[in-house]
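**Student:** predicted structure and sequence below. I'll ask about it afterward.
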Amino acid sequence: MKLRVTGPGINQVITLKQDATVNDLIEHVGIDVKTLRFGYPPQRINLQEDDADLRQTQLDELGINSGERITLETSQSNDSFSTSPPKPKPKRVLKSTEMSIGGSGENVLSVHPVPDDNSCLFHAIAYCIFKQDNVRALREMVSKEVLSDPVKFSDAILDKPNREYAQWILKMESWGGAIEIGIISDTLAVAIYVVDIDAVKIEKFNEDKFDNYILVLFNGIHYDSLTKNKFKTVFDKKNQPESDDVLTAALQLASNLKQTGYSFNTHKAQIKCNTCQMTFVGEREVAKHAESTGHVDFGQNK
């Protein structure tokens with residue numbers, strides 16, 4: 001289970017076991033959590049020290065699934081959050097980038113790599129939808145939608161003031177995630193299926209709203225597009241058995257890529273400072289090093 005967790009002193013993607021409990025989450029982040037906020041619209045769970053049953057409840061029983069964004073609050077949650085350094089980028093060595101669909105060699109699902117920059121999510125979606133690089137248009141689409149509904153996209157949901165977020169997402173160095181995927185999916189009337197390599201699982205955004213869907217591949221830190229026969233990128237879930245075969249091939253491809261080491265666990269991976277060559281484990285150590293030295297150039301250590 002992969003979760004985006006933000007709160008006092010933490011802003012990272014973490015990986016927990018599939019049956020992880022609330023207590024597992026709290027122990028993993030290592031801070032005294034009083035409240036969890038998640039979901040859309042947001043749900044709030046208050047954790048009392050004597051509420052042992054709630055702390056032993058599995059996250060999925062509360063409706064928290066892989067890919068969820070969770071905001072943690074403590075008794076000191078009004079303090080400013082620490083700023084994380086730029087996320088490390090792994091060396092992108094793609095192997096076994098094709099998988100036959102339906103056991104036939106005639107049809108294959110393959111990875112279409114997109115630029116390895118802070119706009120990779122937008123690049124991946126743009127290729128699937130437009131077959132061209134409409135990154136700026138997608139960012140503007142998200143910004144406009146956020147501004148249009150400050151209630152739906154409240155400061156609590158965005159973890160920053162609505163207008164500030166709307167300006168922030170326009171910057172090419174700003175990373176996109178679940179909020180952006182949901183907005184783009186709604187606006188373009190197409191479901192977006194995120195194939196998570198590390199979890200070997202498909203997270204489906206708006207599958208109940210739209211029959212057509214696209215597939216983007218996520219390795220924990222980078223997105224790419226998935227294509228059928230190097231061209232087809234939009235699929236119809238009602239078109240059977242093609243849709244089921246494509247999704248099966250996507251999971252098989254994710255499993256293969258995970259075995260080759262392409263998945264990137266941002267909590268446990270070894271990360272090297274390209275400035276001083278020191279090596280760290282996890283983003284917390286990286287954040288401390290960046291704050292103490294000012295170094296901001298990090299990469300995956302091989």
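**Tutor:** Received the coordinates, thanks.

**Student:** can you give me the helices in the stretch 151-300 of the chain?
**Tutor:** In the stretch 151-300 of the chain, helices defined by DSSP state H, counting those that start in this stretch lie at 155-158, 162-168, 178-188, 242-259, 282-293, listed in chain order.

**Student:** return the distance of the shortest one from the chain's centre.
**Tutor:** Pointing back at helix 155-158 there. How far helix 155-158 lies from its chain's middle: 17 Å, per C-alpha atoms, centre = their mean, to the nearest Å.

**Student:** if the closest residue to residue 72 other than its chain neighbours is in a bridge, with which residues?
**Tutor:** Using C-beta to C-beta, 6 or more residues apart in numbering and skipping residues adjacent in sequence, the residue nearest residue 72 is residue 7, 3.2 Å away. Backbone N, C-alpha and C define where each C-beta goes, glycine included. Taking DSSP bridges, one finds residue 10 as the beta-bridge partners of residue 7.

**Student:** could you pull up the contacting residues of the residue nearest the centre of the chain?
**Tutor:** Taking C-alpha atoms, centre = their mean as the criterion, residue 177 is the residue nearest the geometric centre of the chain, at 5.1 Å. By C-beta atoms under 8 Å, 6 or more residues apart in numbering, the residues touching residue 177 are 4, 69, 121.

**Student:** quick check, the residue nearest to residue 72 in contact with residue 74.
**Tutor:** Yes. Residue 7 lies in contact with residue 74 (C-beta atoms under 8 Å); the separation is 7.1 Å.

**Student:** for residue 123, helix, strand, or coil?
**Tutor:** The three-state label given to residue 123 by DSSP: H, G, I helix; E, B strand; the rest coil is helix.

**Student:** what's the local residue count around it?
**Tutor:** 24 (other C-beta atoms under 10 Å).

**Student:** now it, nearest residue through space, not along the chain?
**Tutor:** In space, residue 123 is closest to residue 114, 3.7 Å off (C-beta to C-beta, 6+ apart).

**Student:** burial measure for that neighbour, as a count.
**Tutor:** Quick note: residue 114 (other C-beta under 10 Å) scores 24 neighbours.

**Student:** that one and residue 188: what is the separation?
**Tutor:** Using C-beta to C-beta, to the nearest Å, residue 114 is found at 17 Å from residue 188.

**Student:** also residue 247?
**Tutor:** Taking C-beta to C-beta, one finds residue 247 at 20 Å from residue 188.

**Student:** surely residue 227 and residue 110 touch.
**Tutor:** Yes. Using C-beta under 8 Å, residue 227 is in contact with residue 110, at 5.8 Å.

**Student:** more crowded one of the two?
**Tutor:** residue 227 (19 against 16).

**Student:** check which helix or strand covers the residue nearest to residue 180 when sequence neighbours are not counted.
**Tutor:** Nearest non-adjacent residue to residue 180, counting by C-beta to C-beta, 6+ apart: residue 142, 5.1 Å away. If you go by DSSP states H and E, residue 142 is part of helix 135-148.

**Student:** for residue 100, same thing?
**Tutor:** Element membership for residue 100 (DSSP H and E) is strand 98-101.

**Student:** name the strands paired with that strand and say parallel or antiparallel.
**Tutor:** Partner strands and pairing direction for strand 98-101 (DSSP bridges) are strand 104-112 (antiparallel).

**Student:** quick one: residues contacting residue 153.
**Tutor:** Residue 153 neighbours (C-beta under 8 Å, 6+ apart): 145, 146, 162, 165, 179.

**Student:** again, but for residue 57
**Tutor:** Contacts for residue 57 were tallied using C-beta under 8 Å, 6+ apart; they are 21, 22.

**Student:** cool, and residue 136?
**Tutor:** No contacts exist for residue 136 under C-beta under 8 Å, 6+ apart.
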